[in-house]
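Undergrad: Show me the folded form of this:
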Amino acid sequence: MKPQPPVTRIRTARASSAEAGALADFPLLGAQLESWKNALAESEWTPWVIIGLAAFLRFFLLGMKPPHFDEGINGWFVDQMVKSGFYKYDPTNYHGPLHFYVLLLSQILFGRNLWALRLPVALVSIGSVWLTLKFEPLVGKMVSRLAALAMAVSPGFVFYGRYSIHEVWLLLFTMLFFYGLFGLWKSGTANFLWCAGMGLTGMILSKETYLLHVACAIIAAGVCYFSTYFFKLEDGQRAPQTWNYVDLVVVIGTGAALIVAFYSGFFFHWHGVRDLFQAYRPWFETGSQGHGHEKPWYYWLGLTAHYEIPALAGLLLCIVAWRFKTMSLRYLAIYGVGTLMAYSIVKYKTPWCIISFIWPFLFTFGAIVTTAPMRFAAVTYRSVALVLFGLLAYAVYYEQAHKFDYIWPYALILGTALLLAVLVSADIARIVVAVLLAWSLGHCIWLNYFRCSTDKEPYVYVQTYNDIYKFTDPILELAHYDPQAYQLTGHIIRGSPYPLPWMLDDFGRVGYYEKDNVPDKLDGDFLLVQQDKIATVEAKLHDSYYTVPLTLRPYQDPSKAYFSARIFKSFFPGQWPDFTGAKPAPSPAASAPSPTLTPSPTK
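TA: Have a look, this model is predicted:
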């Protein structure tokens, strides 16, 4: 701390009253502020700002969008765990059990609500940003911080870090797995062995696609090793390993015990352990056929070019991956490209999977600053310019001939040209990196707070419309003021009703009817009827109802909501009922309808 001038009681006349609050008049306060300033400078505040920004973007208005279709199913599974005491692993669900147990704990602690359903994943997403910073000894301070900042403000990492799905868990544990492997290479301590072991365990507990990542990791290790024969590494020699076989056995034993415990429903469902190995057959079948989610091979390139410009820049930098002199960066470049290729081959594609495999490109994006300046021979620039011009001409021709309306080919071509120009100067590289991060932050805010339920956004995939609140708000508000409303009778007569089974699970007399299945007595306190069944249902109704048209989500037939005029008249002040049946209905029956709810697979 800088020495302070001696304090004296002599005071000079103030030039004006504006100086009355000068720190010189309060020497103790001035010294304290100076002390705080010095402490902040020594405390490396930059990582905390990055984590704070990541937390704000993920927690702010966390419940602003309706629960997603998958969130409704995940929440419904948790409701069944409350009744049975454990999660019964289903190999056709394509997801591990860890997420469900954490959701159960969250709901026990914070109640059964949307915020509690999303809280664990938001924390895990923030933890992924924190783990990115921990890569500093392995890839360098500047690279790790730029990668963490890019992840903190990424439209996709924020968007999928704000609702309850499994992919964020897979992201965290995959990063932990590689953090452990790189740490073993660089220092060889038992701590990194635990990171690698628990990372792999967490991947297995999160999602069956861990197998794809492990396979790509093995192939990338071979390619990286082969590359060292032509392009040497600064840290090409593995550090001496300080762990022993006892440590290895303990790590493997701990991981195996956790896998058995979770998949067996903590020893209440032993078939779950066997089903873990049987899950790959339906998983490979779904991946090869698509089952309604098939996309072209360039789907991920299109999403990256649309949303993840920093990751796209990192992907393009992988073209010169041989210039990376540290093993970790070169390996991440090879692994990232390999995993992108693997995911592109799989026909089954849902956009949230993108965060599972583009994270290595955030590190190579951060390496743009440390790699520049990078210059090539003049003949190289001429050759690359000729190739890029040819590709651009072909892209224009193909678009006109085949009505190929996509931006990603142009983004790749022009991005490559821009990257070669940027790498010439370190100052230009820093400016471009800052501009890309600012663009990413702006797009992140636009997507997550203004377009989060707009189906024209590719990331907003089968997202529930705000229309659902037209149906649920009157029901939930009535129950909030009068708990007897939880005994109301409701009929949901439509296919694929999620997330309603989770949102209305506290109402014990709600039945769900799909296909041609309908209740014997159609009159109820509230109904939701699919469009093609409206005429059939209305012909058998007797009560008077207020009606509201709505659509739950994209690719689904519209519905009509019916609210009993006798019960919900306060929600429709000054309005006459929109529909009245043939005659007054008899007194409502006390018995609950027989629900026919069968949860569908999550994906």
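
Undergrad: rest of the way, CA atoms for contacts and neighbours
TA: OK.

Undergrad: ok, the residue most central in space within the chain to residue 346 distance?
TA: A centroid search over the chain (CA atoms, centre = their mean) returns residue 160, at 2.3 Å, as the residue closest to the centre. Per CA to CA, to the nearest Å, residue 160 is found 21 Å from residue 346.

Undergrad: likewise residue 51?
TA: Residue 51 is 34 Å from residue 346, by CA to CA.

Undergrad: Over to residue 565?
TA: Residue 565 is 51 Å from residue 346, by CA to CA.

Undergrad: of the two, who's got more company?
TA: Counted by other CA atoms under 10 Å, residue 565 and residue 346 do not tie: residue 565 has more neighbours, with 23 against 18.

Undergrad: That one and residue 542 touch, don't they?
TA: No. Look at residue 565 against residue 542 with CA atoms under 8 Å: they stay out of range, at 11.7 Å.

Undergrad: what's the weakest-modelled helix or strand in this structure?
TA: Lowest mean confidence among the helices and strands of the chain (mean pLDDT, DSSP states H and E): helix 27-42, at a mean of 58.

Undergrad: ok, then the element right after that helix?
TA: helix 46-59 (DSSP states H and E).

Undergrad: so how far is the helix or strand following that following helix off the chain centroid?
TA: As assigned by DSSP H and E, the chain's next helix or strand after helix 46-59 is helix 69-84. A distance of 19 Å separates the centroid of the chain from that of helix 69-84, by CA atoms, centre = their mean, to the nearest Å.

Undergrad: cool, stretch 107-122 as well?
TA: Using CA atoms, centre = their mean, the mean C-alpha position of stretch 107-122 is found 16 Å from that of the whole chain.

Undergrad: Keeping just the C-alphas, turn it into PDB.
TA: Extracted in PDB, the C-alpha atoms of stretch 107-122 (Å, rounded to 0.1, in the frame of the first residue of the first chain):
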ATOM      1  CA  GLN A 107     -37.400 -29.300  -5.900                       C
ATOM      2  CA  ILE A 108     -37.100 -30.600  -2.400                       C
ATOM      3  CA  LEU A 109     -35.100 -27.600  -1.400                       C
ATOM      4  CA  PHE A 110     -36.800 -24.800  -3.400                       C
ATOM      5  CA  GLY A 111     -40.300 -26.200  -4.200                       C
ATOM      6  CA  ARG A 112     -41.900 -27.600  -7.300                       C
ATOM      7  CA  ASN A 113     -41.600 -24.600  -9.700                       C
ATOM      8  CA  LEU A 114     -40.000 -23.700 -13.000                       C
ATOM      9  CA  TRP A 115     -37.200 -21.800 -11.300                       C
ATOM     10  CA  ALA A 116     -36.200 -24.800  -9.300                       C
ATOM     11  CA  LEU A 117     -36.400 -27.000 -12.400                       C
ATOM     12  CA  ARG A 118     -33.900 -24.800 -14.200                       C
ATOM     13  CA  LEU A 119     -31.600 -23.800 -11.300                       C
ATOM     14  CA  PRO A 120     -29.300 -26.900 -11.400                       C
ATOM     15  CA  VAL A 121     -28.600 -26.500 -15.100                       C
ATOM     16  CA  ALA A 122     -27.900 -22.800 -14.800                       C
END
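
Undergrad: residues of that stretch that come out buried?
TA: Using 16 or more other CA atoms under 10 Å as the test for burial, stretch 107-122 gives 107, 112, 114-122.

Undergrad: Going along the chain, name the strands of the stretch 351-500 of the chain.
TA: 490-493 (DSSP state E, counting those that start in this stretch).

Undergrad: tally of neighbours for residue 450?
TA: 10.

Undergrad: Please read the previous query as pertaining to residue 191.
TA: 16.

Undergrad: again with residue 401
TA: Residue 401: 9 neighbours (other CA under 10 Å).

Undergrad: again, but for residue 245
TA: Neighbours of residue 245 under the rule other CA under 10 Å: 8.

Undergrad: What pLDDT does the model give it?
TA: Note on residue 245: pLDDT of 93.

Undergrad: how much space between it and residue 198?
TA: 17 Å.

Undergrad: same question, residue 442
TA: 35 Å.

Undergrad: next one: residue 100
TA: 18 Å.

Undergrad: what's the answer for residue 502, then?
TA: Residue 502 sits 32 Å away from residue 198, going by CA to CA.

Undergrad: Could you do residue 89 as well?
TA: Residue 89 is 21 Å from residue 198, by CA to CA.

Undergrad: and what of residue 139?
TA: Going from residue 139 to residue 198 by CA to CA gives 21 Å.

Undergrad: now residue 93
TA: Counting by CA to CA, the gap from residue 93 to residue 198 is 23 Å.

Undergrad: what are the phi and psi values for the residue lying closest to residue 321 once chain neighbours are set aside?
TA: Once flanking residues are discounted, residue 321 sits nearest to residue 330: 5.9 Å by CA to CA, 6 or more residues apart in numbering. Torsion angles at residue 330 (phi, psi; degrees, to the nearest 10) stand at phi -60, psi -40.

Undergrad: what's near enough to touch residue 330?
TA: Each residue near residue 330 by CA atoms under 8 Å, 6 or more residues apart in numbering is listed here: 224, 321-322, 324.

Undergrad: From the residues you listed, pick the one nearest residue 561.
TA: Distance to residue 561 across the contacts of residue 330 (CA to CA) is lowest for residue 321, with 57.2 Å.

Undergrad: how deep is the closest one tucked in, by neighbour count?
TA: 19.

Undergrad: ok, it to residue 428 distance?
TA: The value you get for residue 321 to residue 428, if CA to CA is used, is 20 Å.

Undergrad: Also residue 378?
TA: Counting by CA to CA - residue 378 and residue 428 are separated by 20 Å.

Undergrad: Ok, residue 352 next?
TA: Residue 352 is 33 Å from residue 428, by CA to CA.

Undergrad: If you count surrounding residues, which of those two has more?
TA: Ranked by neighbour count (other CA under 10 Å), residue 352 and residue 428 place residue 352 first, with 19 against 16.

Undergrad: The more buried one: what's it in contact with?
TA: Residues 156, 160, 167, 459 are the ones in contact with residue 352 under the rule CA under 8 Å, 6+ apart.

Undergrad: List the contacts of stretch 528-544.
TA: Stretch 528-544 is contacted by residues 471, 491-495, 522-523, 557-562, 564-566, 577-585 when judged by CA under 8 Å, 6+ apart.

Undergrad: no wait, stretch 93-108
TA: Contacts for stretch 93-108 (CA under 8 Å, 6+ apart): 74-75, 77-78, 81-82, 87, 89, 113, 116-117, 119-120, 165-166, 169, 204-208, 262-263, 279, 283, 601-603.

Undergrad: Are any of the residues you listed buried, and if so which?
TA: Using 16+ other CA under 10 Å, the buried ones in those are 74-75, 77-78, 81, 87, 89, 116-117, 119-120, 165-166, 169, 204-208, 262-263, 279, 283, 603.

Undergrad: And stretch 218-237, what's buried?
TA: Buried, per 16+ other CA under 10 Å, within stretch 218-237: 220, 224, 227, 232-233.

Undergrad: So what's the residue count around the residue lying closest to residue 152 once chain neighbours are set aside?
TA: Closest residue to residue 152 apart from its sequence neighbours, by CA to CA, 6+ apart: residue 54 at 4.5 Å. Using other CA under 10 Å, residue 54 has 29 neighbouring residues.
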